[in-house]
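Trainee: Compute the structure for the input listed below.
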Amino acid sequence: MRFYFLVLVLFSCSFNAISCSIAPGYQEFFPKPYYRNKNITPSLPVAKVVSITRGHNDGNGGSCSDAGIIKIQFDKVNSVANTGYKLKIVKGKFEESVIPTKEIMPSTFTSIDNSMFFVWLDGGDNTQSPIDFTLEIVAISPEGLESEPFYLQISDSGGKSG
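Mentor: Okay, here's the model as predicted:
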């Protein structure tokens with residue numbers, strides 16, 4: 001009797017699960033130990049925006065369609081394995097939690113093309129607001145030596161998506 005009651009309660013409490021998971025497109029800067037004590041100041045990092053994908057409503061609450069993704073790629077002027085980056089929005093506004101405040105580097109999944117991506121909840125609305133901000137990028141060595149800043153303009157006109 002208890003089993004049937006439990007089954008009845010579980011069925012009456014069922015609901016649609018929202019399930020979306022995106023692996024981070026960067027990782028915290030952990031240089032390899034054998035790169036330490038070289039005292040090499042990183043070169044000016046050069047980066048470009050590879051893509052901006054805007055969120056939209058595809059009708060499936062369990063999909064990641066409402067996620068926005070900005071992918072940037074660095075030229076390989078600095079070693080991928082021993083260069084970290086400090087990022088800071090210096091002009092314009094954007095979701096504060098998207099750009100990390102700690103030193104980061106490309107994740108092991110994206111280190112081949114030396115890229116990073118940043119994900120935010122762009123919303124399930126099919127009309128998105130514009131994006132326009134300037135990102136300051138400073139390369140950092142394992143010893144903490146910093147390059148000159150590079151400024152990357154990131155913009156998207158918004159509008160209809162999906």
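Trainee: beta partners for Ser51?
Mentor: Counting by DSSP bridges, Ser51 is bridged to Lys71.
Trainee: That one reaches Gln73, doesn't it?
Mentor: No. Contact between Ser51 and Gln73 fails when scored by C-beta atoms under 8 Å: they sit 9.5 Å apart. (C-beta placed from N, C-alpha, C; glycine too.)
Trainee: So for this protein, which residue is the most central one in space?
Mentor: Geometric centre of the chain, nearest residue: Phe118, 1.5 Å, by C-alpha atoms, centre = their mean.
Trainee: who's more crowded, Ser51 and Gln73?
Mentor: Gln73 (18 against 11; other C-beta atoms under 10 Å).
Trainee: Am I right that that one is in contact with Pro45?
Mentor: No. With contacts counted by C-beta under 8 Å, Gln73 stays clear of Pro45, the gap being 10.9 Å.
Trainee: joint contacts of Ser51 and Gln73?
Mentor: Counting by C-beta atoms under 8 Å, 6 or more residues apart in numbering, no residue touches both Ser51 and Gln73.
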